[in-house]
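K.L.:
All I have is the shape, not the residue letters:
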């Protein structure tokens, strides 16, 4: 019993009925002025013309969202579209929706009116026939007619609930997104997921690099026991930490306000600060650059910077203070990055670790390729990225 009564405790049950009654207000008022069947035919023809107007889809979508689902237009509900009609298919579905709403509204209002009229007739009829209940009640007045009150109340309740569910299902089908809109929404969702993945990789590379440098510098300063070396180590930790904080603030700014312009991310032209940070941590890094590095497109150069950052982080983390050779070349429409360092014992096999996986993912998203692993006694990171 409680389950059957639950819909009548929800506001949306009554707003759905209101949504249906609104559809027949205009024709019903005209019926009072001049009773004729053709008024409904004219109303149907007018709705065909109205449904061809693109903006009417927005109007109907906003009404349906608010009255049929109880959601505001800004609550992110995509089951009912509030965008204007973008194709003739959208216009056709809107016309069908308007006609169906008119027919269902007329049928619901008629049944509800007759049931209410019958209830009034049951409790208000007298011997003179005042308060006749229409075609739903037999002629005459008998005491047992009062027993029909629960039946008519149940019919009224069922009509309100059933018509509300039916009009909502029609709205979801006829005012919902078209296949093209569903595809666009899926692509947008995919872009959002890719952006979240990119941000996670950036945080991993930037913060991981800063922490690695800080740990290496702190350990070296403690082992050296030299005040001058300790000062240099603290300076390197400070500079690396400040750069990591800038990256963190930029990424958090993207998360907080996706439309706010943020400062440009570092590119390969800023690679010197990575090399200086690695050198300050004890690694001996030699850099060889060939080709027009400034001509590399921004997305490629930024991803190349992150790959170089992760590679140097791995050198410091797994190999320590060892010589490392970095080669950056731009030639024949390809950006080549190669980072080599002596292979110490105990280094992870190729393919392990989120950092190495992140390099391959970055390269693959740009149509390139990244190879990592032992090569002639060295650990090698070799990346080719198309720049054309």
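P.N.:
Received it, and whenever you're ready, just let me know what you need. Bear in mind the structure is a predicted one, so any value in this text is a computation, not a measurement.
K.L.:
CA only for contacts and neighbour counts going forward, please
P.N.:
Fine.
K.L.:
Let me see the domain layout of the protein.
P.N.:
What automatic domain parsing lists as the domains of the chain is 2-177, 183-386.
K.L.:
Now render those domains as JSON lines, adding mean pLDDT and mean neighbour count.
P.N.:
Converted to JSON lines, these look like this (pLDDT from 0 to 100; neighbours: other Cα atoms under 10 Å):
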{"stretch": "domain 2-177", "mean pLDDT": "78", "mean neighbour count": "16"}
{"stretch": "domain 183-386", "mean pLDDT": "77", "mean neighbour count": "17"}
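K.L.:
What is the one helix or strand residue 243 maps to packed up against?
P.N.:
Element membership for residue 243 (DSSP states H and E) is helix 227-256. Contact analysis of helix 227-256 by 3 or more Cα pairs under 8 Å, 6 or more residues apart in numbering; DSSP states H and E lists helix 179-224, helix 271-280 as its packing neighbours.
K.L.:
mind redoing it with 6 Å?
P.N.:
Applying 3 or more Cα pairs under 6 Å, 6 or more residues apart in numbering; DSSP states H and E, we find helix 227-256 packed against helix 179-224.
K.L.:
what angle do the helix it packs on and helix 227-256 make?
P.N.:
Using axes from the mean of the first three to the mean of the last three Cα atoms, to 10 degrees, the direction of helix 179-224 lies 170 degrees away from that of helix 227-256.
K.L.:
How far off centre is helix 179-224?
P.N.:
From the chain centre to the centre of helix 179-224 is a distance of 19 Å (Cα atoms, centre = their mean, to the nearest Å).
K.L.:
and what of stretch 324-340?
P.N.:
37 Å.
K.L.:
Tell me where the stretch 1-150 of the chain has helices.
P.N.:
Under the criterion DSSP state H, counting those that start in this stretch, the stretch 1-150 of the chain carries helices at the ranges 2-5, 11-23, 25-33, 38-51, 55-64, 88-124, 149-174.
K.L.:
Between the ones you listed, which one is closest to residue 366.
P.N.:
helix 88-124 (36.4 Å; Cα to Cα).
K.L.:
Now do the residue nearest the centre of the chain against residue 182, distance only.
P.N.:
Ranked by distance to the mean C-alpha position of the chain (Cα atoms, centre = their mean), the top residue is residue 189 at 4.8 Å. Going from residue 189 to residue 182 by Cα to Cα, to the nearest Å gives 10 Å.
K.L.:
Could you do residue 98 as well?
P.N.:
Applying Cα to Cα to residue 98 and residue 182 gives a distance of 22 Å.
K.L.:
do the same with residue 240
P.N.:
Look at residue 240 and residue 182: by Cα to Cα, they are 45 Å apart.
K.L.:
go on, residue 280?
P.N.:
Residue 280 is 52 Å from residue 182, by Cα to Cα.
K.L.:
now swap in residue 90 and tell me
P.N.:
From residue 90 to residue 182 the distance is 13 Å (Cα to Cα).
K.L.:
Over to residue 323?
P.N.:
From residue 323 to residue 182 the distance is 53 Å (Cα to Cα).
K.L.:
One more: residue 225?
P.N.:
With Cα to Cα as the criterion, residue 225 and residue 182 are 64 Å apart.
K.L.:
which SSE is residue 337 in?
P.N.:
Counting by DSSP H and E, residue 337 is found in strand 334-342.
K.L.:
Following the chain onward from that strand, which element is next?
P.N.:
That would be, after strand 334-342 and using DSSP H and E, helix 354-365.
K.L.:
The following helix or strand past that next one: how far from the chain's middle?
P.N.:
Where DSSP H and E defines the elements, the next helix or strand beyond helix 354-365 is strand 369-375. Relative to the centre of its chain, strand 369-375 is centred 35 Å away, using Cα atoms, centre = their mean.
K.L.:
Strand partners (parallel or antiparallel) of strand 369-375?
P.N.:
When pairing is defined by DSSP bridges, strand 369-375 lines up against strand 378-386 (antiparallel).
K.L.:
Could you check the angle the strand it pairs with makes with helix 354-365?
P.N.:
Using the same axes, to 10 degrees: strand 378-386 against helix 354-365 is 30 degrees.
K.L.:
How about residues contacting strand 378-386?
P.N.:
333-343, 368-374 (Cα atoms under 6 Å, 6 or more residues apart in numbering).
K.L.:
ditto for stretch 87-102
P.N.:
23, 48, 51, 52, 85, 174.
K.L.:
and which of the residues you listed is nearest to residue 211?
P.N.:
For these, with residue 211 as the reference and Cα to Cα as the criterion, the closest is residue 85, at 52.9 Å.
K.L.:
give me every residue that touches the closest one.
P.N.:
54, 57, 91.
K.L.:
Can I get the residues you listed in TSV including distance to residue 69?
P.N.:
Conversion of the contacts of residue 85 to TSV gives the following (distance: Cα to Cα, whole Å):
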residue	distance to residue 69
54	22
57	16
91	22
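K.L.:
quick check, nearest of these to residue 71?
P.N.:
Among the contacts of residue 85, and counting by Cα to Cα, the member closest to residue 71 is residue 57, at 16.7 Å.
K.L.:
Got the phi and psi for the nearest residue to that closest one once chain neighbours are set aside?
P.N.:
Using Cα to Cα, 6 or more residues apart in numbering and skipping residues adjacent in sequence, the residue nearest residue 57 is residue 84, 5.2 Å away. Backbone torsions of residue 84, given as degrees, to the nearest 10, read phi -60, psi 160.
K.L.:
And residue 84, how far from residue 170?
P.N.:
Taken as Cα to Cα, the span from residue 84 to residue 170 is 18 Å.
K.L.:
Which residues are in contact with residue 270?
P.N.:
Per Cα under 6 Å, 6+ apart, neighbours of residue 270: none.
K.L.:
Look up how far residue 306 lies from it.
P.N.:
Taking Cα to Cα, one finds residue 270 at 11 Å from residue 306.
K.L.:
Could you do residue 18 as well?
P.N.:
In terms of Cα to Cα, residue 18 sits 58 Å off from residue 306.
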